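# pasted the sequence and its predicted model underneath.
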Amino acid sequence: MKKCLVVLAKTPGLSPIKTRLAKKIGIEKTLEFYSLCKRCLERFSLLDSYSTYLASGEKEGSKDPFWSNFSTFHAEGRSLAEKQSFIFDKLQPTYNSVLLIGMDIPQIEPKLIETAFLNLERNDFVLGPTRDGGFYLFGSNKKVSKKVWTQTPWSSKETAKEFTRLLYSQPSLLKTLTDVDRYEDLDFVAKEMPSKMSLEQKDIVYWIKKLIRYTNSQD
């Protein structure tokens with residue numbers, strides 16, 4: 001079976017990055033965090049059991065040197081819904097199984113991705129829910145109607161619930177994790193790291209703990 005993992009991401013300098021987090025820790029620190037997340041996910045591109053792509057939210061981003069370690073393409077569309085729909089429509093004619101994740105989930109490990117692909121051998125869909133009601137991973141081996149994407153209320157506590165309701169069959173569920181939207185999410189991410197962390201994951205945990213200590217000392 002041909003399989004691929006896609007990371008959908010905004011490109012620094014072309015789009016605002018993590019605006020709610022940046023309001024708390026500043027743009028510079030937010031870019032540091034984003035770059036560390038990128039390093040955590042770059043290692044997936046080194047694995048040979050599936051293909052890995054970076055889907056840039058901006059047309060110019062597909063050629064940006066920030067993504068030089070990824071095979072990159074532009075996720076076309078004006079909205080998040082349209083971009084996600086485009087990704088699956090583009091790749092499913094070539095791949096039997098497609099997984100989509102975001103950039104702000106550095107605690108993902110290769111074992112979890114392998115589990116997601118295994119679940120797609122027995123189910124049409126797989127989904128990784130987040131603590132805030134959204135999801136950090138969605139995978140499919142069947143075409144997803146565009147209306148599933150466009151009718152889902154994004155950035156809502158009901159996102160995963162409504163998205164799942166719109167699918168024609170229930171997805172297999174992975175463990176719940178935290179994606180980073182706010183400063184308060186960082187501590188959860190550090191605690192959700194796998195027991196055997198990569199060097200990149202160790203670096204981001206160190207960065208988070210250092211940031212939290214500094215922030216607490218300023219309060």
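Great, that's in hand.
# list the contacts of the closest residue to P171 other than its chain neighbours.
Distances taken as CB to CB, 6 or more residues apart in numbering place F125 nearest to P171, at 3.6 Å, with adjacent residues excluded. To be clear about C-beta, it is placed using only N, CA and C from the backbone, and glycine gets the same treatment. Contacts for F125 (CB atoms under 8 Å, 6 or more residues apart in numbering) come out as F138, G139, S140, N141, K142, V144, L167, S169, Q170, P171, S172.
# pLDDT score for F125?
pLDDT for F125: 98.
# likewise S45?
88.
# and for D219?
65.
# can you pull out the strands in the chain?
Assigned by DSSP state E, the chain shows strands spanning 3-9, 51-56, 71-74, 97-102, 125-129, 135-140, 172-173.
# could you identify the longest helix within the protein?
For the chain, the longest helix by residue count, based on DSSP state H, is helix 199-218.
# identify the residues contacting the most centrally placed residue in the chain.
Among the residues of the chain, the one closest to the centroid is G102, at 1.6 Å (CA atoms, centre = their mean). Contact analysis of G102 by CB under 8 Å, 6+ apart lists V7, L8, A9, Y136, D179.
# does it have beta-bridge partners, and which?
Counting by DSSP bridges, G102 forms beta bridges with L8.
# quick one: it from T19, how far?
15 Å (CB to CB, to the nearest Å).
# ok, residues contacting stretch 211-218?
In contact with stretch 211-218 (CB under 8 Å, 6+ apart) are residues I25, K29, Y183, L186, D187.
# sorry, wrong one. I was asking about stretch 53-61.
So stretch 53-61 is contacted by 4-11, 14-15, 62, 64, 67, 70-76, 83, 87, 91, 100 (CB under 8 Å, 6+ apart).
# let's see it at 7 Å
4, 6-11, 14-15, 62, 67, 70-75, 83, 87 (CB atoms under 7 Å, 6 or more residues apart in numbering).
# just the buried ones from these?
4, 6-11, 62, 67, 70, 72-75, 83, 87 (16 or more other CB atoms under 10 Å).
# from these, which is closest to Q107?
V7 (14.3 Å; CB to CB).
# quick one: residues contacting that closest one.
Neighbours of V7 in contact, by CB under 7 Å, 6+ apart: L41, L54, A55, I101, M103.
# this protein: helices as residue ranges?
Going by DSSP H, the chain shows helices at 19-25, 27-42, 80-91, 110-119, 146-150, 159-166, 185-191, 199-218.
# now find how far off-centre the last one is within its chain.
Spelled out, that is helix 199-218. 21 Å (CA atoms, centre = their mean, to the nearest Å).
# any stretches of the protein with poor pLDDT?
219 (pLDDT under 70).
# fine by me, thanks again.
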